[in-house]
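Novice: Based on what follows, work out the 3D shape:
(one chain, ligands or ions: 2)
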Amino acid sequence: MRECIILYFFIAWVLVLVHGVNGEDPYRFFTWKITYGDIYPLGVKQQGILINGQFPGPQIDAVTNENLVINVFNYLREPFLLSWDGIQQRRNSWQDGMYGTNCPILPGKNFTYNIQVKDQIGSFFYFPSFLFHKAAGGFGGIRIWSRPKIPVPFPNPAGDFTVLAGDWFKTNHYILRRYFLESGRNLPLPDGLLINGRGWNGYTFTVEQGRTYRFRISNVGLTTSINFRIQGHNLKLVEVEGSHTLQNTYDSLDVHLGQSYSVLVTADQPVQDYYVVVSSRFTTKVLTTTAVLHYSYSQKGVSGPIPWGPTNEVAWSLNQARSIRWNLTASGPRPNPQGSYHYGMIKPARTIMLANSAPYINGKQRYAVNGVSYVPPDTPLKLADYFNIPGVFNLGSIPTNPPGGNGGYLQTSVMSANFREFVEIVFQNWEDSVQSWHIDGYSFFVLGMDGGQWTQASRARYNLRDTVARSTVQVYPRAWTAISVALDNVGMWNVRSQNWGRQYLGQQFYLRVYSPAHSWRDELPIPRNAMLCGRARGHRTRPL
Ligand SMILES: *[C@@H]1O[C@H](CO)[C@@H](O)[C@H](O)[C@H]1NC(C)=O
Ligand SMILES: *[C@@H]1O[C@H](CO)[C@@H](O)[C@H](O)[C@H]1NC(C)=O
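Specialist: Ligands and ions are numbered 1, 2, ... in the order given. Down below sits the predicted model:
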């Protein structure tokens, strides 16, 4: 009897280690069919990427710690991959869905992602990460709800809306990739903006007077920061990529590429329809689009001028960014429960500085980090690392500080870091365009940002008390942004520009967070269904 009980606990423990799942955390199953289909977001017919016939793709709803089993069938004629922006994939970069971690799903094949949304809450999105497919759609919202007994720092809203907004090109994604990016040219200016896959007044949010709604806004565009606002209504900020914030009220909110915000909006105006507006930021020509906030029983359609929003004002945006702070007393899983409250008291083991640049290499436009322009290898880095396949990448093939000069070279760049290292990272931007940086597998603390060159003295103005933890941060033109992060998630993680042309042309690298223990406690084993491609083909995911 006693042996049975011990055996039972042993088996349960092995299951937790091997699958990274706890039997008590429920599963949600999804079957997704990826197809091409006609869409008309800006009035002209385009080839879009649909998920189960939908553009944007279906919403994912999950509760903290739940397991998502998403079986993706690729009916395109090209390889395809989905990635999950802001989902931390604890101990499990195997599921991250970037080409450095996963082989793409071949045409006619399927792959099942097993993702646990461990210790997370908040608003995120998924997107196609391979072959510039993001320009054709294939993205959708992810909402991670708090567990029922965990208090949320605001009353339950009457409704919860996802707003996937961003720039859009009428040009086919294949043309953008082949005739612009791969030919060494920059992308053209986008043709317009979309809200939930629709152009001007193409999408309606219906509300009832007197009630309060949550809007989760994600910038799913390719090249442009946006400003979001609703005619006649205030936006009360409550959440930023999984951090509950101090509930400041704004007229409008800047959302940089790849970022996600939740605001509460009370329908406290006369019963009629109002504009929901998105406009481009820091662009020579300002692009604008609108959706409709429709009050139930409204007889009056949208009217009046579209409300003002900032266009090129950098100081406005910087001030707003600095005002966004964490609500230290609100619930929410912490990025690193041991230290997050006191992130400002931990001394970083080292400072990494990352500078973006736009060099011409072999006569072609490229983008680089510390002078290195990333080129994808023939085998995903994670698999090469696991199977010890030499010659795919070299550790330390990207400097941790910007070299002098404006040159650049091509390299499959991987930076090494130790498990549990606490690092400070400074993003230094000497270009004239705003940057948006993302780190997979982590949520990091935004310590500070300002114009000019970062120096050690810049630390005097850091927010060491109550900044938000998030996964994507902007860097203003000719400015810096500093973050700190506890590298407590073993794996191979993509660090990238969220500007999709820049990412495609090399402004990215992989961060290999390594633990010499090789324990399943630190990293889950390779999934049984892992796809093997390139030089990993023919290897075994399990010993004989
Ligand atoms: C493909 O789908 C089938 C079920 O239809 C599933 O059993 C199989 O594991 C999936 N393949 C992969 C690689 O996940
Ligand atoms: C912070 O969260 C607490 C706890 O939920 C809440 O009572 C308080 O109003 C919030 N404070 C601010 C300034 O948003």
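
Novice: residues in contact with the residue nearest the centre of the chain?
Specialist: The centroid of the chain falls nearest to Asp85 when counting by C-alpha atoms, centre = their mean (3.1 Å). Contacts for Asp85 (C-beta atoms under 8 Å, 6 or more residues apart in numbering) come out as Phe124, Phe125, Tyr126, Phe127, Gly258, Ser260, His438, Ser471, Thr472. (Each C-beta comes from the backbone N, C-alpha and C, glycine too.)

Novice: Could you list the residues of the stretch 251-400 of the chain in contact with ligand 2?
Specialist: Asn327, Thr329, Ala330 (C-beta under 6 Å from any ligand atom).

Novice: Go through the contacts of Asp85 and say which is closest to ligand 1.
Specialist: Tyr126 (16.9 Å; C-beta to the nearest ligand atom).

Novice: beta partners of that closest one?
Specialist: Beta-bridge partners recorded for Tyr126 (DSSP bridges): Trp84, Gly140.

Novice: Excluding chain neighbours, what is closest to the residue of the stretch 101-250 of the chain found nearest ligand 1?
Specialist: Minimum separation of the stretch 101-250 of the chain from ligand 1 (C-beta to the nearest ligand atom) falls at Thr112, amounting to 3.4 Å. Leaving aside its chain neighbours, Thr112 sits nearest to Asn71 (4.4 Å; criterion: C-beta to C-beta, 6 or more residues apart in numbering).

Novice: Surely the one you found touches Thr31?
Specialist: Yes - at 5.0 Å, Asn71 and Thr31 qualify as touching, with contact defined as C-beta atoms under 8 Å.

Novice: Between these two, point out the one with more neighbours.
Specialist: Comparing Asn71 with Thr31 by other C-beta atoms under 10 Å, the one with more neighbours is Asn71, at 15 against 12.

Novice: OK, contacts around the more buried one?
Specialist: Phe29, Phe30, Thr31, Trp32, Asn110, Phe111, Thr112, Tyr113.

Novice: Which pair of the residues you listed spans the longest distance?
Specialist: Phe29 and Phe111 (14.5 Å; C-beta to C-beta).

Novice: Those two: which is more packed in?
Specialist: Between Phe29 and Phe111, Phe111 has the larger neighbour count (other C-beta under 10 Å), namely 23 against 10.

Novice: where exactly do the strands run in the stretch 351-500 of the chain?
Specialist: Here the stretch 351-500 of the chain has its strands, by DSSP state E, counting those that start in this stretch, at 360-361, 364-365, 368-369, 372-374, 394-395, 409-411, 413-418, 421-429, 435-439, 444-451, 469-470, 472-475, 479-487, 491-497.

Novice: so what strands line up beside the fifth one?
Specialist: Okay, so that is strand 394-395. When DSSP bridges is applied, strand 394-395 pairs with strand 413-418 (parallel).

Novice: Give me the buried positions along the strand it pairs with.
Specialist: Ser413, Val414, Met415, Ala417 (16 or more other C-beta atoms under 10 Å).

Novice: Name all residues that make contact with whichever residue of the chain sits closest to ligand 2.
Specialist: Ranking the residues of the chain by distance to ligand 2 (C-beta to the nearest ligand atom) places Pro153 first, at 3.2 Å. Pro153 sits next to Val238, His244, Gln247, Asn327, Thr329, Ala330, Ser331 when contact means C-beta under 8 Å, 6+ apart.

Novice: Please report the distance of it from Asn327.
Specialist: Distance, Pro153 to Asn327, by C-beta to C-beta, to the nearest Å: 6 Å.

Novice: Now for these two: what residues contact both?
Specialist: Common neighbours of Pro153 and Asn327 (C-beta under 8 Å, 6+ apart) are His244, Gln247.

Novice: In contact with the nearest residue to Ala479 once chain neighbours are set aside, which residues?
Specialist: Leaving out its chain neighbours, the residue that sits closest to Ala479 by C-beta to C-beta, 6+ apart is Gly451, at 4.7 Å. Contacts for Gly451 (C-beta under 8 Å, 6+ apart) come out as Leu318, Tyr476, Arg478, Ala479.

Novice: so Pro188 sits right up against Leu181, yeah?
Specialist: No - Pro188 lies out of contact with Leu181 (C-beta under 8 Å); the separation is 11.1 Å.

Novice: Quick check on the two: which one has the bigger neighbour count.
Specialist: Set Pro188 next to Leu181 and count neighbours by other C-beta under 10 Å: Leu181 wins out with 20 against 12.

Novice: Leaving out sequence neighbours, find the closest residue to the more buried one.
Specialist: Tyr504 (5.2 Å).

Novice: and if you look at Tyr113?
Specialist: In space, Tyr113 is closest to Ile70, 4.5 Å off (C-beta to C-beta, 6+ apart).

Novice: Run a quick neighbour tally on the one you found.
Specialist: 20.

Novice: buried stuff in the host helix or strand of it?
Specialist: Assigned by DSSP states H and E, Ile70 belongs to strand 67-74. Neighbour-count burial for strand 67-74, counted by 16+ other C-beta under 10 Å, picks out Asn67, Leu68, Ile70, Val72, Phe73, Asn74.

Novice: How about stretch 261-280?
Specialist: 261-267, 272-280.

Novice: What is the end-to-end distance of it?
Specialist: 17 Å (C-alpha to C-alpha, to the nearest Å).

Novice: mind checking which helix or strand Ser218 is in?
Specialist: strand 212-219.

Novice: Around ligand 1, pick out the residues from this structure.
Specialist: Counting by C-beta under 6 Å from any ligand atom, the chain sits next to ligand 1 at Asn71, Asn110, Phe111, Thr112, Asn529.

Novice: For these, could you give me TSV that also reports secondary structure?
Specialist: Shown next, in TSV, are these (DSSP: H, G, I helix; E, B strand; the rest coil):
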residue	secondary structure
Asn71	strand
Asn110	strand
Phe111	strand
Thr112	strand
Asn529	coil
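
Novice: Out of these, the closest to Ser357 would be?
Specialist: Using C-beta to C-beta, those come closest to Ser357 at Phe111, 35.2 Å.

Novice: What is the burial count for the residue nearest to the closest one when sequence neighbours are not counted?
Specialist: Of all residues not flanking Phe111 in the chain, Ile105 sits nearest, at 4.6 Å (C-beta to C-beta, 6+ apart). Neighbour count of Ile105, defined by other C-beta under 10 Å: 22.

Novice: what are the bridge partners for Ile105, then?
Specialist: Beta-bridge partners, per DSSP bridges, of Ile105: Phe80.

Novice: coming back round to it: could you list which of the buried residues of stretch 261-280 belong to strands?
Specialist: 261-266, 273-280 (DSSP state E).

Novice: before we move on, back to that, in terms of mean pLDDT, which of the strands of the stretch 351-500 of the chain ranks lowest?
Specialist: Sorting the strands of the stretch 351-500 of the chain by mean pLDDT places strand 394-395 lowest, at a mean of 93.

Novice: which residues are contacting that strand?
Specialist: Here strand 394-395 has contacts from Thr412, Val414, Met415, Ser416, Arg512, using C-beta under 8 Å, 6+ apart.

Novice: Please repeat the previous calculation with a cut-off of 10 Å.
Specialist: Asp385, Gln411, Thr412, Ser413, Val414, Met415, Ser416, Arg512, Tyr514 (C-beta atoms under 10 Å, 6 or more residues apart in numbering).

Novice: Need the winner for burial among the strands of the stretch 351-500 of the chain.
Specialist: Of these, the one with the most neighbours on average (mean count of other C-beta atoms under 10 Å) is strand 368-369, at a mean of 28.

Novice: how close does whatever residue of the stretch 401-544 of the chain ends up closest to ligand 1 sit to Gln88?
Specialist: Minimum separation of the stretch 401-544 of the chain from ligand 1 (C-beta to the nearest ligand atom) falls at Asn529, amounting to 3.9 Å. Distance of Asn529 to Gln88, given as C-beta to C-beta: 21 Å.
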